[in-house]
Structures are given as C-alpha cells and as structure tokens.
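# Fold the following for me, if possible:
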Amino acid sequence: MHSYFIGIDVGTQGVRVVMLDEAGHTIGSSEKVFPLTPHSREEQSPALWWDSVWECLQKLLTDARKSIDLNAIKAVSVTSTSGTVIPLDEQNEPLHDALMYSDTRPAAEGKYCREIAERHHPEGYTGFNASSGLSKMVWYSNHFTEQAARIKTWIHATDFIIGKLCGDYSVTDYTNALKSGFDVGAGEWPSWLTEHLPLRKEWLQKVVPSGTHIGTLMPDLAAKLGIPRIQIIAGMTDGCASQIASGAVQPGDWNTTIGTTLVVKGVTVQEIRDPEGRLYSHRHPEGYWMPGGAGNIGADWVSAGFADDLPTLTEAAANLIPTGLIAYPLLQQGERFPFIAPQARGFEPANTSRAAAFAANMEGVAFVERYAYEMIESLSGEEVNAVYTAGGGSNSDVWLTIRANVLNRPVHKCGNATGAAGAAIVAAAGSHFGTLTEAARAMTRIEKTIHPEQALTKAYAAQYDNFIQTLTEKGSIAGPVPITH
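Okay, here's the model as predicted:
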C-alpha cells in the first residue's frame, strides 16, 4: 500500500503543488503563475495565494484520482519565501497585504534592528536587513499605527497557507522565525524584541521544528477535495526546503544551487558563528544546524552574454578545460558571499575567444564555490563530506566536470530539488517517517555523480591559486582561507 504526501510552494512568481509517494516518485503536479510587477515585489495578496493554492490542489487531485487511491494521502506541508510577513486581526484576516521579502522600504528599520540586536543579544542572530521579517514588522508598526493596534498575530507566508488548511495560525517553524527575531539556539523569542522595538509579546507565534504536526485538514476542505482529513505539518522556508529535496540533510552534507545566484547550504553539528556575517544558521529539526549563504555571482552571466549559442559554446568548452585563464563573471558591483566586497567587479581574460571566455567563466564560479567550502570548513572545524547540486547551472555536464575537479570531490546532481518537493518530504517526515533524515533518504535521488580526475584536479589546483592571488591583488579578499584542521 503506497502513501502519498503533498508539498505546496508559494513563490514570488507563482504557486506549485506536487504529490510524491513514499519513495519520492512524483505522482503529479500543478502550477499557477503570478505576474511579477514592481508592486508585487513589495506586497502581494494572501487571498490570491490561497485561491491559487486551492486551484492547484483541485487540479492535482482531479488528475491523481485517475491513478491512485486518494485515501492513501497522509499529509501536506508548505514552503514559501523567507522574510515575508503578514499582520492578522482577531478573525485571522490580513490587516494588510503580505510584506514581501523583496520589499526594500524597511531599510532603515533593518539597520536599526541589527544595531539593537548586536547591542542586546549578540549571541543570537543579528543579520537583520530590509529583507528580514522583523524589519517589516517594525516598519509596519511605525507607518500604520492604527492598524497595528488591531494586530492579533504576525505570521509568515508559509503560516498563512497552513492556517487556511487547518485553521491554526498561531504556529510557525524555526526556519521562518529566525529572521523575525526568534533565538533558534535558546528556543525562545528574546526579550529585546518587545523591550526595544514597537512589538508586543502576544503578536509572536509559537515556534516548533519543521516536520511538527500542527493540525488536520478542515472538514469542509477535505469534503470538497474528496480526500481524508490529512495531517498538516509545519513547513520551512524555500531555500531550506530545496536543500532538503537535494538530499543534503546530515552533518557534512552540502548543497550548491547555481541559478541566478550561487547559494550554498548544508548541515553541521555545531552552529557556525561567522563574525563577517557571510553565513547564517537555521536550526535542523533533529538538533543540527543548517548554515548557508548566497552570493551575487551565479549563472546570470550565461543568459546575459552567451545564451544565443549555448550548445556550440558548451561543446567547445569541453575541449578547452582547464583553460588556465582567470575570470570572475560578476555582472553587478559588489559581492556578499563567500566574501564581502562592496567594491568587487567582474573580470574576464583579455584577447581570448568567446568559447574560452565561456569556459573560464564556468571555472571562475567553481573557484568561488571552492573558496566558499574552504571558508566553511575553516569556520566550522567540520569537513564537507558530500556536495549535492541543483539549479540551472547543474544541467551542464561540462560545468559539473569543472566543479568536481576544482572541488576535488564528487558532485552529485539532484533529481528533483524543488521547494515543493522539499515540502512534500517534510510532510512525510512528520507523518510517516521517524525523522527528516529518514524521509530524505527514502525520497530523494541522485541523478548522476561526477567524480574528479587526477590530472584535471592537479591543473585546477594551480589555476585556483592564481585566482585567489588575483582576487587578493584586487582587494576583494585578504588572501587564501587559513587551514585550521
């Protein structure tokens, strides 16, 4: 008898709902796209989210009932953007549209929250900025004082959908609560939030680990969908959900996603304390830590300058590596991970062919990835045992080959590393498997593994040293990462 689990992902540009079985096979999926506008980067309607989720659920289940027994569906969980928050009134209705993580209006509040946190709670998370949920709560209280007086609860985007499903809006999870000020180490909302900011203690939710049972699907919704009153399981932020879907769930496991930007997330036994603020750590449901960081470099340079002839360039690049060239394909000024350098600018080798520049750019991103993992091992004192990868950049076999040899370790390409799939795995962890590790072990898969080759690895070691020397000379970094173990 199979069991089935639903994952819901509410993103900036749409909703995606998937159903997986206990082995991670995709039974079906449904999507609804939102138009992206300047206004929708700042605020979005939670009602639109719910209408879209409901439409996707109905379509998914209509299709699925042709091939499976809907009574075997066990649970659902939700993922959404980190830092997006909504004020609710006494009737659990939004007092205002969702304040999106990408809303830059609370920049001053973000700076203030960071200063207060560093002064009163330096041992906790202090990396608040305009994108943080806490900054938006303070901004709203400062700008909408009458509405703020009517707030019952501040919730996150994930919590709104969970609330619509089970009726309980009072609970959130550790990953969503981090950027709203929750101390994930101590497991409490610190007193400075209400003593030094215009917030009230009663506005803050109960916080539980991802994978915790919150409630059951409301009877009327179950009847309309034609499914049992399935379990509603506490979810997590989209970046963490994608990490779970990649299979990187145990200490030493790391995931690199190369999309528009380079995102690195993993699992450590101890919390990583980064004095420079390049990394921050979520709390793993099993008590470990989930540190991560995101850079400005990524794969955006591909679409900006090489998309017109990608197959030909890729074929040529395969015969050019290692190029021996030094490139850093940063399109905008400034870098934030794995080093902070507001003055950093991208560069390419002069007087070279377009194919060689393309290959060198792929190598440059791989060098940044290696620097990130060296920095992580230096700060944590723990080894990076496995690198899983996802995102558009992982679809290039040439780039995978470059990365495996630059990193000098196998790189595992993930099969279905989406946020929705991660949410489904979290749902399974909380309702069917004993732990998130067990669920991920059963439900994730490696599509392919690229192993390093001795000759390439040796050549790239020398080229990497030149890359580090170049960044040092340009003032982006202070030098090689010190080896501490």
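
# does the one residue sitting closest to the centre of the chain count as helix, strand or coil?
When Cα atoms, centre = their mean is applied to the chain, the residue found nearest the centroid is G239 (1.1 Å). Classification of G239 by DSSP: H, G, I helix; E, B strand; the rest coil places it in helix.

# my read: it touches G266, true?
No - G239 lies out of contact with G266 (Cβ atoms under 8 Å); the separation is 11.8 Å. Every residue, glycine included, has its C-beta placed from N, CA and C.

# Common neighbours of these two, please.
Both G239 and G266 are in contact with G292, where contact means Cβ atoms under 8 Å, 6 or more residues apart in numbering.

# In the stretch 201-350 of the chain, where is pLDDT below threshold?
Counting by pLDDT under 70, the stretch 201-350 of the chain contains no low-confidence residues.

# centre of the chain versus the longest helix seen in the chain, how much separation?
Counting residues, the longest helix in the chain under DSSP state H turns out to be helix 354-380. Helix 354-380 sits 20 Å away from the centroid of its parent chain (Cα atoms, centre = their mean, to the nearest Å).

# Which strands and helices lie in contact with it?
strand 253-258, strand 262-266, strand 289-294, helix 310-318, helix 397-407, helix 454-473 (3 or more Cβ pairs under 8 Å, 6 or more residues apart in numbering; DSSP states H and E).

# circling back: list the contacts of the residue nearest to the centre of the chain.
82, 263, 265, 292, 294.

# Could you rerun that using 10 Å?
Contact partners of G239, counting by Cβ atoms under 10 Å, 6 or more residues apart in numbering, are 79, 81-82, 175, 255, 257, 263, 265, 282, 290, 292, 294, 419, 422.

# Okay, domains of the protein per the record?
For the chain, the structural domains run 4-239, 248-415+453-473, going by automatic domain parsing.

# returning to that earlier point: what comes up buried for the longest helix of the chain?
355-377, 379-380 (16 or more other Cβ atoms under 10 Å).

# do stretch 437-451 as well
Neighbour counts over stretch 437-451 (16+ other Cβ under 10 Å) mark 437, 439-440, 442-444, 450 as buried.

# distance between the ends of it?
With Cα to Cα, to the nearest Å as the measure, stretch 437-451 spans 25 Å from end to end.

# chain center to that stretch, what's the gap?
Centre-to-centre, stretch 437-451 and its host chain are 18 Å apart (Cα atoms, centre = their mean).

# next one: stretch 291-303
For stretch 291-303 - counting by Cα atoms, centre = their mean - the centre lies 12 Å from the chain centre.

# Just the terminal-to-terminal distance for that stretch.
One end of stretch 291-303 sits 29 Å from the other (Cα to Cα).

# List the buried residues of it.
In stretch 291-303, counting by 16+ other Cβ under 10 Å, buried: 291-302.

# Next: stretch 57-67.
57, 59-61, 64.

# ditto for stretch 80-88
Counting neighbours by 16+ other Cβ under 10 Å, one finds that the buried residues in stretch 80-88 are 80-88.

# Would you format these as TSV with secondary structure, pLDDT and distance to L320 included?
Below are the buried residues of stretch 80-88 laid out as TSV (DSSP: H, G, I helix; E, B strand; the rest coil; pLDDT from 0 to 100; distance: Cβ to Cβ, whole Å):
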residue	secondary structure	pLDDT	distance to L320
S80	strand	96	42
T81	coil	93	39
S82	coil	92	39
G83	coil	94	41
T84	coil	96	43
V85	strand	98	48
I86	strand	98	50
P87	strand	98	55
L88	strand	98	56
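
# Farthest pair within these?
S82 and L88 (18.9 Å; Cβ to Cβ).

# so S242 touches V249, yeah?
No - using Cβ atoms under 10 Å as the test, S242 is too far from V249 to be in contact (12.0 Å).

# anything in contact with each of these two?
Both S242 and V249 are in contact with N255, where contact means Cβ under 10 Å, 6+ apart.

# check contacts around A316.
A316 neighbours (Cβ under 10 Å, 6+ apart): 309, 353-356, 358-359, 398.

# residues in contact with the nearest residue to A317 once chain neighbours are set aside?
Leaving out its chain neighbours, the residue that sits closest to A317 by Cβ to Cβ, 6 or more residues apart in numbering is A359, at 3.8 Å. By Cβ under 10 Å, 6+ apart, A359 lies in contact with 313-314, 316-323, 325, 327, 352-353, 398-399, 402.

# thinking again about what came up before, make JSON lines from the buried residues of stretch 57-67 and add pLDDT to it.
Putting the buried residues of stretch 57-67 into JSON lines (pLDDT from 0 to 100) gives the following:
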{"residue": "L57", "pLDDT": "98"}
{"residue": "K59", "pLDDT": "98"}
{"residue": "L60", "pLDDT": "98"}
{"residue": "L61", "pLDDT": "98"}
{"residue": "A64", "pLDDT": "97"}
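
# quick one: which of those residues is nearest to A390?
Using Cβ to Cβ, those come closest to A390 at L60, 22.6 Å.

# I'd assumed the closest one was in a helix, is it?
Yes - L60: assigned to a helix according to three-state DSSP.

# separation between it and S170?
Distance, L60 to S170, by Cβ to Cβ, to the nearest Å: 28 Å.

# before we move on, what about P251?
32 Å.

# With E188 instead?
On the measure of Cβ to Cβ, E188 and S170 end up 16 Å apart.

# Which one of these two is surrounded by more residues?
S170 (15 against 12; other Cβ atoms under 10 Å).

# That one reaches K206, doesn't it?
Yes - S170 is within contact range of K206, at 5.7 Å (criterion: Cβ under 10 Å).

# Mind listing the shared neighbours of the two?
Shared contacts of S170 and K206, counting by Cβ under 10 Å, 6+ apart, come down to I214.

# Let me see the contact set for D89.
Taking Cβ under 10 Å, 6+ apart as the criterion, D89 is in contact with 95-96, 147, 150-153.

# try it again with 8 Å
Counted by Cβ under 8 Å, 6+ apart, D89 has contacts 95, 150-152.

# likewise E369?
256, 262, 264, 403, 406-407 are the contacts of E369 under Cβ under 8 Å, 6+ apart.

# Next: G7.
Contacts of G7 by Cβ under 8 Å, 6+ apart are 17-20, 76-79, 241, 419-427.

# how about a cut-off of 10 Å?
16-20, 29, 75-79, 233, 235, 241, 245, 418-428.

# who does the helix or strand where it lies pair up with?
Assessed by DSSP states H and E, G7 sits inside strand 4-11. Looking at strand 4-11 with DSSP bridges, its partner strands are strand 14-21 (antiparallel), strand 73-80 (parallel).
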